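1. return atomic coordinates for the entry below.
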Amino acid sequence: MKTSARRDICFAAAALCVLLAAAPCLPGAPRLPEPAPGGELRFCLRAEPKTFNPLLISGEPDEIVAYLTSGVLIRMNRQTQAFEAELADSWRISDKGRTIEFHLREGVRFSDGSALTPEDVLFTFRTLLDPATLSPAGDTFRAMKGPIQVAAPGKQRITFSFREPVAGVERLFDQAPIVSAATIQKSRNPAEMPVLGPYRISEYRPGASLVLARNPYYWKKEATGRRLPYIDSIRLSVQQNRDLECIRFLRGEIDLINSLDAESFERLAARRAAEALDAGRSLEGEQMWFNQTARAPIPPYRKEWFRSREFRRAISEAINRADLARVIYRGRAAPAVGPVSPANRFWCNAKLQPPVYSPEAALARLKQNGFHMDGVTLRDRDGHAVEFSVVTNSGNKSREQMAAMIQQDLARIGIRLNVVTLDFGSLIERITGTFAYESCLLGLVNVDLDPCGQMNVWLSSGSNHPWNPAQPAPETEWEAAIDRLMRAQAGEASLSRRKALFDRVQEIIVSQAPALYLVDKNALSAVSSALGNVSPAVLHPQTFWNIERLYFKTVPQGTAR
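-> Residues are numbered from 1 along each chain as shown. Just a heads-up that it's a prediction; the model follows:
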């Protein structure tokens, strides 16, 4: 897609000028040297930010604003998936992962001109680690065994000491924004809030828009010494309707859409092929699991089905994943192989074999385990017709279509699947509170590549262990095995050994099939051809992860650009 985008730059840029509603393109718009400074980037937030305090961010709008305005000690490059120095120019891990030491970059300043000091980093992490702060960014740190010691032993040096070895300890710092006491004090008046990122908040109109201006003291510079970022300002409009967001992009009123569903992507690609970008398989997938919670209000014979490995595997064999990817996602998805998408380059177990679609094999497996066909109805050994429900969230067209297609697939082997759609809040209450459901179809987004970031999913005691959460002790031998493997990899210093341990976790999950991994969706976005240095990634934020290096190739006369 990147090659095609370069080939069509001239045509797409001209089309953008024609479609600009707010400021028509005037003749003689200058072609600027590349990369050119200046301009205003415009895109949408899909909800109102809940907070501007970087340590309290929880939803996507808050995360977007924080990514654009905050600085971190080290950052994962969303393209290479490697960690890179940011506010710290170097770091060193010692004592088998019990200690990590950072050396702060010299000359870094907040947007108000005040210098970044080790005391600011100490303040940040003391606040994060304080249970009274209720900081989502501090949850992972507070989950560690024993207290974490944070110290500034010398000029520009910060050390973190943990009670036990922490595998992949670097990953903890990618999501921990560095602040000063003034940042927190002034976060209620965001235009005055000092920040360390490429942009600062300059204007906020609740319910309408947010304007970010260049941080005049941002530390990054290009090779010539010119200070980044290139673009002068960013205007973020609050726009919840995704159809209107696409219309605004086609009109030239906004410059990018960070994430698109397949249907919207295809409509946009039909009109702006060069600007519809498919970065390939993402970390976002769809899965279906069976409720195995002991106290769930489910008939005992159905609980027996759901707790049967062979029943779950038969359901998996009966689902045509290739059709789901082809029909619902228009080929902008791929059948999932296991719990980790290949987009997670290092941690995905490449030896796993893709599930084979075979209604015949599914029916044979069921018959070997006491099920039999009675006309067109599958029955268990006690004569119960095999019928159960799947819950999913209403309003998600793709997920509703997927449930309908799975319903048709299972009907081919005599199973009646009832689809129940609920508003998202009610759905979450059922799968985490009352457990009044039989199976669930829901999406999964892995925002942390490292398996340690998914401990609450894989441990049987985890609150997000989908099929049977918060077990006092593992109820099955295979879950006990996963517990041992996950804890072992978390305390292992050798990366290759950790990989082998987590590969085994993935093998057990695929073999036992407590959750059926259906499709991995592609990372779809739209970016104006007027922008340069565009390099979409599969990790959030896909289109503007390198925001400080994006630039406009042309600046129409008479506009803010």
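2. check contacts around Gly414.
-> With contacts defined as CB atoms under 8 Å, 6 or more residues apart in numbering, the neighbours of Gly414 are Leu363, Met373, Asp374, Val376, Thr377, Leu378, Val386. Where C-beta positions appear, they are placed from N, C-alpha and C, glycine not excepted.
3. which residues sit against the host helix or strand of the second one?
-> Here Met373 sits within strand 372-374, counting by DSSP states H and E. Residues lying outside strand 372-374 but in contact with it, judged by CB under 8 Å, 6+ apart, are Leu363, Lys367, Leu378, Arg379, Arg381, Ala385, Gly414.
4. let's see that with 10 Å instead.
-> Strand 372-374 is contacted from outside by Leu363, Leu366, Lys367, Leu378, Arg379, Asp380, Arg381, Gly383, Ala385, Ile413, Gly414, using CB atoms under 10 Å, 6 or more residues apart in numbering.
5. mind checking the SS state of the last one?
-> In this case it means Gly414. Secondary structure, DSSP: H, G, I helix; E, B strand; the rest coil: Gly414 is coil.
6. just the buried residues of stretch 150-167, please?
-> Within stretch 150-167, the residues that qualify as buried are Val150, Gln156, Ile158, Thr159, Phe160, Ser161, Phe162, Pro165, Val166, Ala167, counting by 16 or more other CB atoms under 10 Å.
7. again, but for stretch 111-127
-> Taking 16+ other CB under 10 Å as the criterion, stretch 111-127 shows Ser111, Asp112, Leu116, Pro118, Asp120, Val121, Phe123, Thr124, Phe125, Thr127 as buried.
8. quick one, what contacts the residue lying closest to the last one once chain neighbours are set aside?
-> If the residues on either side of it in the chain are set aside, Thr127 comes closest to Thr133, at 5.5 Å by CB to CB, 6 or more residues apart in numbering. Residues touching Thr133, when contacts are defined by CB under 10 Å, 6+ apart, comprise Asn53, Leu55, Leu56, Arg126, Thr127, Arg142, Ile184.
9. and Thr133, backbone torsions?
-> The main-chain torsion angles of Thr133 are listed as degrees, to the nearest 10 and equal phi -70, psi -30.
10. per-residue confidence for it?
-> The score at Thr133 is 86. That number is its pLDDT.
11. export the biggest helix by length in the chain as CSV, just CAs?
-> With DSSP state H setting the assignment, residue counts place helix 495-512 as the longest helix in the chain. Presented in CSV, the C-alpha positions along helix 495-512 are these (Å, rounded to 0.1, in the frame of the first residue of the first chain):
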residue,chain,number,x,y,z
LEU,A,495,14.3,-14.5,26.5
SER,A,496,14.6,-17.7,24.5
ARG,A,497,13.5,-19.8,27.5
ARG,A,498,10.6,-17.4,28.1
LYS,A,499,9.6,-17.8,24.4
ALA,A,500,9.6,-21.6,24.8
LEU,A,501,7.5,-21.5,27.9
PHE,A,502,4.9,-19.2,26.4
ASP,A,503,4.9,-21.3,23.2
ARG,A,504,3.8,-24.2,25.3
VAL,A,505,1.0,-22.1,26.8
GLN,A,506,-0.3,-21.4,23.4
GLU,A,507,-0.2,-25.1,22.5
ILE,A,508,-2.3,-26.0,25.5
ILE,A,509,-4.8,-23.3,24.8
VAL,A,510,-5.3,-24.5,21.2
SER,A,511,-5.4,-28.1,22.3
GLN,A,512,-8.0,-27.6,25.0
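12. can you name the element that comes right after it?
-> Helices and strands here follow DSSP H and E; after helix 495-512, the next one along the chain is strand 515-527.
13. partners of that next one in the sheet?
-> strand 256-257 (antiparallel), strand 276-290 (antiparallel), strand 333-335 (antiparallel) (DSSP bridges).
14. now the shortest one: average pLDDT?
-> The pLDDT scores in strand 256-257 average 97.
15. and if you look at the longest one?
-> Taken as a whole, strand 276-290 carries a mean pLDDT of 94.
16. can I get that strand in CSV, CA atoms only?
-> The C-alpha trace of strand 276-290 is given here as CSV (Å, rounded to 0.1, in the frame of the first residue of the first chain):
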residue,chain,number,x,y,z
ALA,A,276,-7.2,3.7,2.2
LEU,A,277,-4.4,1.9,4.0
ASP,A,278,-4.3,-1.7,5.1
ALA,A,279,-1.3,-2.4,7.3
GLY,A,280,-2.1,-6.1,7.5
ARG,A,281,-2.9,-8.4,10.3
SER,A,282,-3.4,-6.6,13.6
LEU,A,283,-3.4,-7.6,17.3
GLU,A,284,-7.2,-7.3,17.3
GLY,A,285,-9.2,-10.5,17.0
GLU,A,286,-12.6,-12.1,17.6
GLN,A,287,-13.1,-15.0,19.9
MET,A,288,-15.9,-17.2,21.2
TRP,A,289,-15.8,-19.0,24.6
PHE,A,290,-18.0,-21.3,26.7
